[in-house]
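K.L.:
Provided below for reference: sequence and predicted model.
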Protein chains: 2
Amino acid sequence: MNTESLSPALKKTNKGHELDSLFKPRSIAIIGASSKDLSIGNVIIKNLVHYNFTGKIYPINPKEPEIRGIKAYPTIFDVPDDIDLAHVIIPSKFVPQIIEDCGKKGIKSVIINSAGFSEMGEEGMALQEAFLAKAKEYGVRIFGPNCQGIINADPEFNAYCDFTFTFPKPGAVSIVALSGGVGAFIMQSLFDLDIGMRLYASNGNACDVSISEVVKYYGEDEGTKAIILYTEGFREPKDFIEAANLVAKKKPILAMKSGRTEAGAKAAASHTGSLAGVDISTELIFEKTGILSFSNEEDLCQAAMAFSTQPIPKGNRVGIITNTGGPAVIAADELVSSGLQIPALSDKALQLLRAGLLPEASVGNPIDVVATGSGAHFRIALDVLMDEETIDSIFVNFVTAPFTDTDEVARQIVEVSKRQRKPIICNFMTNLSMERFRVTAQLLKDGGVPCYSFPTTAAKAMGALYKFHKIQTRNIGEAKKFSVIDKVKAEKIIAAYSSSSDEGRFLPSPFVYDLLTAYGIPVADWRLAANTNDAVKAAEEIGFPVVIKAEASDLVHKSDLGGVAINIKTAAEVKIAVEAMKEKFVKGELKFFIQKFMPGGKELIIGVSGKPDLGHLIMFGMGGIYVEVLKDVVFKLAPVTELEATEMLASIKSAKLLDGVRGQKGIHKASVIEIIQRISQLVCDFPQIKEMDLNPLMAFENKTIVVDARIKI
Amino acid sequence: MNTESLSPALKKTNKGHELDSLFKPRSIAIIGASSKDLSIGNVIIKNLVHYNFTGKIYPINPKEPEIRGIKAYPTIFDVPDDIDLAHVIIPSKFVPQIIEDCGKKGIKSVIINSAGFSEMGEEGMALQEAFLAKAKEYGVRIFGPNCQGIINADPEFNAYCDFTFTFPKPGAVSIVALSGGVGAFIMQSLFDLDIGMRLYASNGNACDVSISEVVKYYGEDEGTKAIILYTEGFREPKDFIEAANLVAKKKPILAMKSGRTEAGAKAAASHTGSLAGVDISTELIFEKTGILSFSNEEDLCQAAMAFSTQPIPKGNRVGIITNTGGPAVIAADELVSSGLQIPALSDKALQLLRAGLLPEASVGNPIDVVATGSGAHFRIALDVLMDEETIDSIFVNFVTAPFTDTDEVARQIVEVSKRQRKPIICNFMTNLSMERFRVTAQLLKDGGVPCYSFPTTAAKAMGALYKFHKIQTRNIGEAKKFSVIDKVKAEKIIAAYSSSSDEGRFLPSPFVYDLLTAYGIPVADWRLAANTNDAVKAAEEIGFPVVIKAEASDLVHKSDLGGVAINIKTAAEVKIAVEAMKEKFVKGELKFFIQKFMPGGKELIIGVSGKPDLGHLIMFGMGGIYVEVLKDVVFKLAPVTELEATEMLASIKSAKLLDGVRGQKGIHKASVIEIIQRISQLVCDFPQIKEMDLNPLMAFENKTIVVDARIKI
């Protein structure tokens, strides 16, 4: 950015974050302000006023002297003060000029609510490019166009720069959503659940300020404790990965991606590609960067309630306090399903409970203080669990019996919860149409205790907290860089066969194996033979049995065409096989790829699928029916670390088969884990690689060898 | 029931259903009525009054002349009128006498709220048996003891015979719950969701009136449109199956069983048994009888909203109408995941939509009428989908834009919904803190349109309706009775080996195979040999190769002990094997079981596990690693029909492997399906059979043969 061209106003506030002018505006101009009720140019002013915006509002309208009782100005240049942020709500064709004006005025951020840009074809795209050029020239950041806007619920700002109609109370959860519709209903859900919100952003066409940038901004915003993200995919996945890597482990990002079911339909050309739908990329990005992924938006919002007030548990051990039986059973089912444990309590804990609770109370885990249990009894149970070293979190199941001082119970829960030592989740089952229980509910909510009205829902929220603990403590490490590799050789091979076409082309077999060997990946011994005699000689050098593959350009599905002969045991058999191939493949230059035949191992498969702008997905599975019929494979995003490669082996459904079962020997996992990492290094070094199929690798008790492979670049 | 002993009053009303006195009382005595606030004997009177009970209330209290302003009587005999129903809230020791008094007074049903019976050990059990004897003598039906009670929300009765504090509006959903705590919160949830309720029952110890009986009663109750059932298991599963068979297919039963995760811990002794946890029985009962099973109580309550007002769809094809994009994408994901389809619309439909909707509307499926779409636009889309033959149900995604007459949209949805031709589900996303949208919401609710606030939640409810359609149209048929069986022979074998011990004992191999043969189940040819020469002779008769198994009592895990020799190809090998076994097993009488060795087929497993009071679970799976490592098995409850057996083959995860894959031949499914049914017939004829393992069966292209089997009786 050439700061010389900036107005003094912009230079002045450059110390803060560049997006502060967007999210923390002190003065807002509404360009296209309207006196017409329900028009966006009117609603935005109404919303700013209604939400008690703490800064100045400058309606811009060439004709009206005032709008909604606020003095209006014919142009932004007539505004006597500096302006941080402008809303633009004028026909698209006027937008480039207005952006230039904004630049000249020193406005740092502009929300373009107007539509009629890239979403409307070529003409709109040209307009978008035109205003973007102006924005860049003047250093104006653009939010939108064709978007809702932003909200900052921090009482220091109360900036409701949006035309929706739900006014959140201030809190610690920030939202960024691609779809305004979904963003609005998530905001609405938080509102309904009485969860406070901090920042909101829905950026429509997202021509400048991106979701990644917003996520990074939220990451740096101290008041944001948890982030909710809704998307239908990423346009610049690498930017997002970078942003998420910075943010996701210090603050929980609760994310949902929709369009899950369409992904399956997008079958790619290759074997690996057809198993890796578009959708899988986003999920893999979430996994890699440590984002909590949800497939159900209600679960997401409910979890947000827990994240907004509770600390992250340090482990998976839950203590349950209940005053009724059945719902605790239901909760226990879900807690255990989420990977949590409900351990027995120590003798000391049991003694304290027996001494303090009612005689009819059930002392154990769950602790049933029974329906007649008072606030004092709840408090005893809470203190015991807070002090119990083997307990990481507390699940309270609280029904409001009419004969109980439920407010006192609530006060005790709140008091213990405020210590923030272990998370407390409350399944609060009551009748909120009754005033006295509404008061109890309010005590809990005001005290920051997340309250749910179904045991399973509450338990799921607890499960989400625990899942984030696992994410936080899972250190995937750095991808290993194997040093004894021949990168120069690999570069030569890749350079010789690189193709600029989108389709790419397959490397001839010798280069495939050379490339793998260059990266230290063990392959079955091979020779290339030009004729029958050479083939016999090659087979004898390698040692029988061998496999013979016809080698010619464009001969991909060899085995279907009779171009592969396996388990060749003698020189005579070599001759027969080679002659037969010669008869079958008369066209072009035919060679013979002779390779060691290695039966008796367990067949594995490793696949690679390159994704534009993202990198490579690496797939692992067992070969044969496991991949072809049972589709039992697992994917990771390259670069794959040792931990991730280890997880891959452990997370296929048939993982147990990799160990010795039914008298069979187990495979040599370490070598497979190393091959996955070496493949990862290879494809990261050469983004040109479009596809790779090592299928199969033969896994033996003491080694793993690639016996067939294809690479497309 | 000896009607001679009944009082005239009881005889008089015997025309109706026996439980009418419980669920439709015209007069209620509260035995143990109390003037003490918050005591159960006071709360029940308060609730009856508050809920406007339409019958008479008779507080019974020896000292008080009136309670809560209602005239009280010292004893029930002092009440001048007949009494239909009595609450008993007195110490347990007095209950037997009171039940006798109730009998004498002609009271037909008694709700015993008091605790202190079977749940309190022997002494309580004796009291329970004592009052039950009196109840039977006088023909009094007992509800409870140690229970909440019943509610009838029909305005003709308004009978709130319960001490809880949520007062449901009348509706069409009836609840029966084992746990009062869960029953109460389900009732609360329906209340919160504004779903009307009809009958409620929570029967505590359930010593007389059972859940099965209540389900049957709800089935016969015209006003009940859907039933919610919560249980932690069934004490008398056969009774429940009978009741559910009568009810479940005409009225949806939405059920949840908790304690799912504990089941895994209850490992039984045998192989089959260890895979069939206790829990599986309840799920199998639900499946067999056509009950919708939920693992999440919130999903259950949300689904109840749809079932309470909407017709069942006739197929899986959904039309979606939306006025915003994102949430429709989320809904589509969930709909498709639930097995629903979102088909393209006919040209005629598209033409009508194009002609009627706004130019910016998106015409297709989903139909996006856009945010500016009016009630008229929604109506056009609704009518098109109602008339479209390829659409079975309608999903409406409705956000409330401020510039839209949302009430008019609601009115149009209601009007079309009232036709009850196809189910309509509405994802209604709005801000209910705004008066104008509350009005819109009320229009929808009053019009019987099920409204949800999350797209996934709404889509799940639609999925539940469709699942019930599948249940209704799935006719499992009657179990086949194979006639060419030798039941007499089977009876003899069973009789000879029947054991009264709980553990049971294994049948000797010859009897195992005789039993299977008697029921037409093909087994590998076999002979029993007493010595080496006989063994050689037997092997020659059968034809090599053979298997030789050492046969002696209490020799169960033969192969682990070296008691099995496979693939014996010559007489000499027979001799060697037999001599080796003789050396190993010196104790007892040793014989040699010689059987045809049949390699090369696919290994299958069929298992049977007898459950007391329920019958048998039949398991099917592929043998070897599939059952042992991958646990890929499926269970059904005997008797198994042809359709169910067919479903078993289709529903294992590795089902595709039963067909020919990777050049292998497929198995002969018809013979497996027949064997499952014959096994089912065998175990139904002989409930004494405790366990059975056909492991493996060898499945070939043209036949399936049992090659190893164990039976415990």
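P.N.:
Cool, got the structure.
K.L.:
Spatially nearest residue to whichever residue of the stretch 501-650 of chain A sits closest to chain B, not counting backbone neighbours?
P.N.:
The minimum distance from the stretch 501-650 of chain A to chain B, using CB to the nearest CB, falls at residue A:629 (4.7 Å). C-beta: built from backbone N, CA, C; applies to glycine. Nearest residue to residue A:629 in three dimensions, chain neighbours excluded: residue B:656, at 4.7 Å (CB to CB, 6 or more residues apart in numbering or on different chains).
K.L.:
how about the strands in the stretch 51-200 of chain A?
P.N.:
A:56-60, A:66-67, A:70-71, A:85-88, A:109-112, A:141-143, A:149-152, A:159-161, A:170-177, A:197-202 (DSSP state E, counting those that start in this stretch).
K.L.:
Of all those, which one is nearest chain B?
P.N.:
That would be, of those and by CB to the nearest CB, strand A:170-177, which comes in at 7.9 Å.
K.L.:
Point out the residues in the stretch 351-500 of chain A that sit beside chain B.
P.N.:
A:399, A:402-403, A:429-434, A:453-457 (CB under 8 Å from any CB of the partner chain).
K.L.:
before we move on, what about the stretch 151-300 of chain A?
P.N.:
A:165-166, A:177-182, A:184-185, A:188-189, A:191-192, A:230, A:232, A:256, A:258-261, A:295-298.
K.L.:
which residue sits farthest out from the middle of chain A?
P.N.:
residue A:572 (57.4 Å; CA atoms, centre = their mean).
K.L.:
which secondary structure element contains that one?
P.N.:
Per DSSP states H and E: residue A:572 is located in helix A:571-584.
K.L.:
same for that helix, what does it pack against?
P.N.:
helix A:532-542, strand A:546-551, strand A:564-568, strand A:591-596 (3 or more CB pairs under 8 Å, 6 or more residues apart in numbering or on different chains; DSSP states H and E).
K.L.:
now those in a markdown table, with distance to chain B, mean neighbour count and mean pLDDT?
P.N.:
Output for the helices and strands packed on helix A:571-584, formatted as a markdown table (distance: least, CB to the nearest CB, whole Å; neighbours: other CB atoms under 10 Å in any protein chain shown; pLDDT from 0 to 100):
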| stretch | distance to chain B | mean neighbour count | mean pLDDT |
| --- | --- | --- | --- |
| helix A:532-542 | 26 | 19 | 95 |
| strand A:546-551 | 18 | 24 | 92 |
| strand A:564-568 | 13 | 17 | 93 |
| strand A:591-596 | 21 | 23 | 94 |
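K.L.:
Can you give the domain ranges for chain A?
P.N.:
A:1-161, A:166-309, A:311-473, A:477-522+A:600-713, A:525-597 (automatic domain parsing).
K.L.:
so can I have CSV of those showing distance to residue B:82?
P.N.:
Listed next are those as CSV, based on distance: least, CB to CB, whole Å:
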stretch, distance to residue B:82
domain A:1-161, 64
domain A:166-309, 50
domain A:311-473, 32
domain A:477-522+A:600-713, 65
domain A:525-597, 87
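K.L.:
Can you say which of those is nearest to residue B:466?
P.N.:
Nearest of these to residue B:466, taken as CB to CB: domain A:166-309 at 15.6 Å.
K.L.:
got the end-to-end distance for the closest one?
P.N.:
22 Å (CA to CA, to the nearest Å).
K.L.:
from the chain's centre, how far out does it sit?
P.N.:
Computed by CA atoms, centre = their mean, to the nearest Å, the chain-centroid distance of domain A:166-309 equals 7 Å.
K.L.:
Going by residue numbers, what spans are helices in the stretch 351-500 of chain A?
P.N.:
Assigned by DSSP state H, counting those that start in this stretch, the helices in the stretch 351-500 of chain A fall at A:375-387, A:406-417, A:435-446, A:455-473, A:487-497.
K.L.:
Tabulate the ones you listed (TSV), appending mean pLDDT and mean neighbour count.
P.N.:
Putting the helices of the stretch 351-500 of chain A into TSV (pLDDT from 0 to 100; neighbours: other CB atoms under 10 Å in any protein chain shown) gives the following:
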stretch	mean pLDDT	mean neighbour count
helix A:375-387	98	21
helix A:406-417	97	22
helix A:435-446	96	16
helix A:455-473	96	23
helix A:487-497	92	15
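K.L.:
Distance to residue A:146 added to these, as JSON lines?
P.N.:
Shown next, in JSON lines, are the helices of the stretch 351-500 of chain A (distance: least, CB to CB, whole Å):
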{"stretch": "helix A:375-387", "distance to residue A:146": "51"}
{"stretch": "helix A:406-417", "distance to residue A:146": "43"}
{"stretch": "helix A:435-446", "distance to residue A:146": "37"}
{"stretch": "helix A:455-473", "distance to residue A:146": "33"}
{"stretch": "helix A:487-497", "distance to residue A:146": "42"}
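K.L.:
re the thing from before, quick one: closest of the helices and strands packed on helix A:571-584 to residue B:225.
P.N.:
Of those, the one closest to residue B:225 (CB to CB) turns out to be strand A:564-568, at 64.2 Å.
K.L.:
what is the orientation angle of the closest one with strand A:546-551?
P.N.:
Between strand A:564-568 and strand A:546-551, the angle formed by their directions is 160 degrees, by axes from the mean of the first three to the mean of the last three CA atoms, to 10 degrees.
K.L.:
Give me the helices and strands touching strand A:564-568, please.
P.N.:
strand A:546-551, helix A:571-584.
K.L.:
now could you export just the CA positions of it as CSV?
P.N.:
Taking Å, rounded to 0.1, in the frame of the first residue of the first chain, the C-alpha atoms of strand A:564-568 are listed here in CSV:
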residue,chain,number,x,y,z
VAL,A,564,-0.3,-58.0,-17.2
ALA,A,565,1.0,-61.5,-16.4
ILE,A,566,1.5,-62.4,-12.9
ASN,A,567,3.4,-65.1,-11.0
ILE,A,568,5.7,-65.9,-13.9
